[in-house]
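Participant: below is the sequence, then the predicted model.
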Amino acid sequence: MRVLGIDYGLERTGLAVSDPSGKVVFPLKTLRLADFGTRAALLDALADTIHNTDVEACVVGLPLPLEGEETLICRQIRNVTRRLMRRVMLPFYFMNEALTSYLAWEDLKQSGVKARKRRDVLDQQAAVRILQAFLAEAEKQGPSFLTQAQVQA
């Protein structure tokens, strides 16, 4: 199953996509709110990307805090996901994205990517990590994981 990973942020949204077998994940692109002007226009562009990428599901990173209490950004991501679900008729899943940006930065640093370039692709790499974690968990737990993790509108 080909899946799209989304690292949603208030300024930038990183995207990653798996191969058709769901085994290998590739960075796709970064959408910047400043390039679209409004959040609605950004969501339209994200929906277009999803449709044009020929995926069967989407995984959205959710930064769940260790304390258990949902933060403002968690609520915003849930809201944006519901709005996106009205534009795209595919299953959506949330995946805990705790520390993905930090780990993505370290991945890029260890790969020799210069600091300036790292900023340009950080959100894509975070989306890669989110999607990899989701696919690994889905493989480990099987179909029951997909049923339990699916976002309800």
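Facilitator: That came through fine. Numbers count the residues shown, from 1 in each chain.

Participant: ok, Leu46 - contacts?
Facilitator: Residues in contact with Leu46, defined by C-beta atoms under 8 Å, 6 or more residues apart in numbering, are Ile6, Thr13, Leu15, Leu31, Leu84. The C-beta positions use only the backbone N, C-alpha and C, and glycine is treated the same way.

Participant: what of Leu64?
Facilitator: For Leu64, the contact set (C-beta under 8 Å, 6+ apart) comprises Glu70, Cys74, Asn96, Glu97, Ala98.

Participant: those in helices, which ones?
Facilitator: Among these, the members found in helices (DSSP state H) are Cys74.

Participant: any chance of CSV for the contacts of Leu64, columns neighbour count, distance to Gly61 and pLDDT?
Facilitator: What follows is these, written out as CSV (neighbours: other C-beta atoms under 10 Å; distance: C-beta to C-beta, whole Å; pLDDT from 0 to 100):
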residue, neighbour count, distance to Gly61, pLDDT
Glu70, 14, 14, 81
Cys74, 15, 10, 89
Asn96, 14, 8, 86
Glu97, 26, 3, 81
Ala98, 15, 9, 69
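
Participant: would you turn the contacts of Leu64 into TSV with distance to Val24?
Facilitator: Below are the contacts of Leu64 laid out as TSV (distance: C-beta to C-beta, whole Å):
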residue	distance to Val24
Glu70	32
Cys74	29
Asn96	22
Glu97	20
Ala98	23
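
Participant: ok, so of the contacts of Leu64, who is nearest Leu131?
Facilitator: Distance to Leu131 across those (C-beta to C-beta) is lowest for Glu97, with 10.3 Å.

Participant: go through stretch 32-47 and flag the buried ones.
Facilitator: By neighbour count on 16 or more other C-beta atoms under 10 Å, the buried set for stretch 32-47 is Leu42, Leu43, Leu46, Ala47.

Participant: what number of residues lie near the residue lying closest to Lys23 once chain neighbours are set aside?
Facilitator: Once flanking residues are discounted, Lys23 sits nearest to Leu135: 7.5 Å by C-beta to C-beta, 6 or more residues apart in numbering. Around Leu135 sit 21 other residues, with neighbours defined as other C-beta atoms under 10 Å.
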